[in-house]
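>>> The following comprises the amino acid sequence and a computationally predicted model.
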Amino acid sequence: MSNKAKKGILLVQLGTPDSPTTPDVKKYLTEFLMDPRVIDIPYFQRTLLVKGIIARTRAPKSAKIYETIWDKKTGSPLMHYSILQRDLLQESLGDEYHVELAMRYQNPSIEAALSKMEGMLLESIRVIPLFPQYASATSGSVIDRVMELIRKWSYLPEISFVSNFCTDELMAETFADHARKYDLAHFDHFVFSYHGLPVRQLGKVDPTGQLKCPESGCDSCKTNVNAYCYVSQCYATTRTIVEKLGLQKEQYSLCFQSRLGKEPWIQPYTSDLLHDLATKGYKKLLVFSPAFVADCIETIDEIGVEYANEFKNLGGEEVCLVESLNDDPKWIKSLKQLALNAKN
């Protein structure tokens, strides 16, 4: 912490268990899924579902998966890369700024991070939820929690938030650079897999309750960026990346992963797309996961292992995962511009 710091930057990631043990994974899942912005049903029903069923049954299975991605020295990949992002951004910004890292769920908590910043009497705080596309369950939840805590302060500095950075050029260039580490001509199709959401959450941005979104998004969302539509921002991110790579429309597909429960989520589901591609005879896929700025369980295991095995069982030959943004210098430059509210 610098005594010279006048401006604060708060980076917020989703979160990760403190360890790959069943009790810690259960604790993480409970806090995560009890967030009313994540599972948006009445509290009593949510408690029965999360504490009575999901956390209890999924924790042992998830703990085993976390064990496979947990490094003996650096621990959680998400935490490791998030710490690197914080430290590299601090180095880039200099002593006038103080950069804190928080996790929306578990540690280091937003409350702990803001407590440090409160005592510094900063002139301003800029909050950057580390989610390129806005969703109520991610960026919205972070902003909600920060406002809940800061409104209790006696001294209120200038506060600003980054709602999304779905078309950020440097972010897109970084994903494109990471894709070019492979021989692109080796692959016969490119897949952009985003984290899914229940369809009903898309319409909740309309306070009148009249907005009804189709399961695969409306046509206009696939061509125009809507500040409050997650689907439109996923398509916008994809367009920005494919332009860097010079891909044609028939060369790539967009899909959504990580479905939870039986209600309709945004489609097409990644699993369904893999079935469709295998049926059409595609053999070698290169997969991007641009909803994440650091490699984590959803990229390393869900795509790199689960979906790769599924595709091979369907007759496919190869699924390769494009590395996330992680600690790439170009991504750190992008973060700096977001922190300074500068355009790239």
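The structure has been received and is ready for your questions. Residues are numbered from 1 along each chain as shown.

>>> so where do the strands sit in the stretch 201-344 of the chain?
Taking DSSP state E, counting those that start in this stretch as the test, the strands found in the stretch 201-344 of the chain are 252-257, 284-288, 318-321.

>>> where does the chain have its least confident helix or strand?
helix 199-203 (a mean of 87; mean pLDDT, DSSP states H and E).

>>> This structure - how does it break down into domains?
Split into domains by automatic domain parsing, the chain comes to 7-165+329-340, 169-321.

>>> what's the first-to-last distance across the last one?
Across domain 169-321, the straight-line distance between its terminal residues is 21 Å, by Cα to Cα, to the nearest Å.

>>> from the middle of its chain, how far away would that domain be?
Centroid separation for domain 169-321 versus its chain: 13 Å, with Cα atoms, centre = their mean, to the nearest Å.

>>> Can you pull out the low-pLDDT segments for the stretch 151-300 of the chain?
209-210 (pLDDT under 70).

>>> mind redoing it with 80?
205-212, 214-222 (pLDDT under 80).

>>> how about the helices in it?
169-179, 199-203, 230-245, 270-279, 297 (DSSP state H, counting those that start in this stretch).

>>> And the strands of the stretch 201-344 of the chain: which comes nearest Leu121?
Shortest distance between Leu121 and the strands of the stretch 201-344 of the chain, using Cβ to Cβ, is found for strand 284-288: 42.1 Å. All C-beta atoms are positioned from the backbone trio N, CA, C, and that covers glycine.

>>> one step back: looking at the strands of the stretch 201-344 of the chain, which is closest to Lys244?
Closest approach to Lys244 among the strands of the stretch 201-344 of the chain is made by strand 284-288 (11.4 Å; Cβ to Cβ).

>>> Make a markdown table from the helices of the stretch 151-300 of the chain and add mean neighbour count and distance to Val50 to it.
Below are the helices of the stretch 151-300 of the chain laid out as a markdown table (neighbours: other Cβ atoms under 10 Å; distance: least, Cβ to Cβ, whole Å):
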| stretch | mean neighbour count | distance to Val50 |
| --- | --- | --- |
| helix 169-179 | 21 | 32 |
| helix 199-203 | 18 | 17 |
| helix 230-245 | 22 | 22 |
| helix 270-279 | 18 | 24 |
| helix 297 | 21 | 18 |
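
>>> Ok, which of those helices comes nearest Phe131?
Across these, closest to Phe131 is helix 230-245 (Cβ to Cβ), at 9.7 Å.

>>> Put the alpha carbons of the closest one into CSV.
Below are the C-alpha coordinates for helix 230-245, written out as CSV (Å, rounded to 0.1, in the frame of the first residue of the first chain):
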residue,chain,number,x,y,z
TYR,A,230,-25.8,-10.3,-22.0
VAL,A,231,-26.5,-12.2,-25.2
SER,A,232,-25.9,-9.1,-27.4
GLN,A,233,-22.6,-8.5,-25.6
CYS,A,234,-21.5,-12.1,-26.1
TYR,A,235,-22.1,-11.8,-29.8
ALA,A,236,-20.3,-8.4,-29.8
THR,A,237,-17.2,-9.9,-28.1
THR,A,238,-17.2,-12.7,-30.6
ARG,A,239,-17.4,-10.3,-33.6
THR,A,240,-14.6,-8.2,-32.2
ILE,A,241,-12.3,-11.3,-31.8
VAL,A,242,-13.1,-12.9,-35.2
GLU,A,243,-12.4,-9.6,-36.9
LYS,A,244,-8.9,-9.7,-35.5
LEU,A,245,-8.5,-13.3,-36.9
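
>>> CSV for the strands of the stretch 201-344 of the chain, including distance to Ala339 and mean neighbour count?
Formatted as CSV, these follow (distance: least, Cβ to Cβ, whole Å; neighbours: other Cβ atoms under 10 Å):
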stretch, distance to Ala339, mean neighbour count
strand 252-257, 29, 22
strand 284-288, 25, 23
strand 318-321, 28, 19
